[in-house]
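dropping the sequence and predicted coords here.
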Amino acid sequence: MLELQKESMPAEDALPLLQMALQDQAEQVRGMAAFALGIKPLPDSLTLLVQTLESDPDDNVRAMAAGALGYLGDRQALAALSHVLLKDTNWLVQFSATVALGNLRDPQAIDILLTALDSDRALVQEAAIMALGEIGSVAQVEQVLRFVPAPDWMIRKRSHRGGPPVIPIL
C-alpha cells in the first residue's frame, strides 16, 4: 500500500497490487485498497469496486468501496450504489452509498435519493438531502423542506438553505 502512494508508480504496476490487496485477510488492507482505487483510478477500478461493494463480507470494506465509487465519479456505478442503498442493512454502507450517489451528480439518482429520505436512519436522511443538493435537484425542494422541523439538528441544518446555520441549544 505504501508503494501505491508513489506518484511515479505506473498503473500497470499498481493494478496487480491492488487486486491482491482486495483479497487480503485483513479488512483494513481491503478497505485501503478499495479507497485507493477511487482516488487513483485505474482501468479496472469500476469493476473491482463494484465487486467489492457487492461481495465483501465486511461492512467497513463495503462502505469504503461505496465511497471510492463516489470519488471515481463514474456514472456507471449508479446501479450498484442504488442497489446497496436499498438492500444492505448496514447504516455505514447505506450512508456511504448515499454520499457517493451525490458525488456522481447524476439526475438519474434522484428517485433513489428520495427513497433514502424515508430511511429510519437520520444519517442516511442527512446524506440524501446533501446528495440532492449536489445534484442540484430543484424539483425535489418540497420533499426536502419537510425536514426543516426535524428533531435531528443536522437534518434541519442540511434542509435549511440560506440563513445562519442551526446551532443546537444544550
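Thanks, I have the structure now. Residues are numbered from 1 along each chain as shown.

any weak-confidence spans in this structure?
1-8, 137-170 (pLDDT under 70).

how about 50 then?
For the chain, residues meeting the criterion pLDDT under 50 lie at 162-170.

now do the strands in it.
In the chain, no strands are defined using DSSP state E.

residues in contact with Arg105?
By Cβ atoms under 8 Å, 6 or more residues apart in numbering, the contact list for Arg105 reads 134-136. Yep, even glycine has a C-beta here, placed from its N, CA and C like the rest.

any idea how far it is from Ser45?
18 Å (Cβ to Cβ, to the nearest Å).

next step: the contacts of Arg105 restricted to helices.
Under the assignment DSSP state H, the contacts of Arg105 contribute 134-135 to helices.

and the contacts of Arg105, which is closest to Asp56?
Taking Cβ to Cβ as the measure, Asp56 lies nearest Glu134 of those, at 25.8 Å.

let me see the contact set for that closest one.
Contacts for Glu134 (Cβ under 8 Å, 6+ apart) come out as 102-103, 105.

go again with 6 Å.
102, 105 (Cβ atoms under 6 Å, 6 or more residues apart in numbering).

and it, how far from Gly73?
Glu134 is 12 Å from Gly73, by Cβ to Cβ.

over to Arg121?
Taking Cβ to Cβ, one finds Arg121 at 25 Å from Gly73.

over to Thr52?
Distance, Thr52 to Gly73, using Cβ to Cβ: 17 Å.
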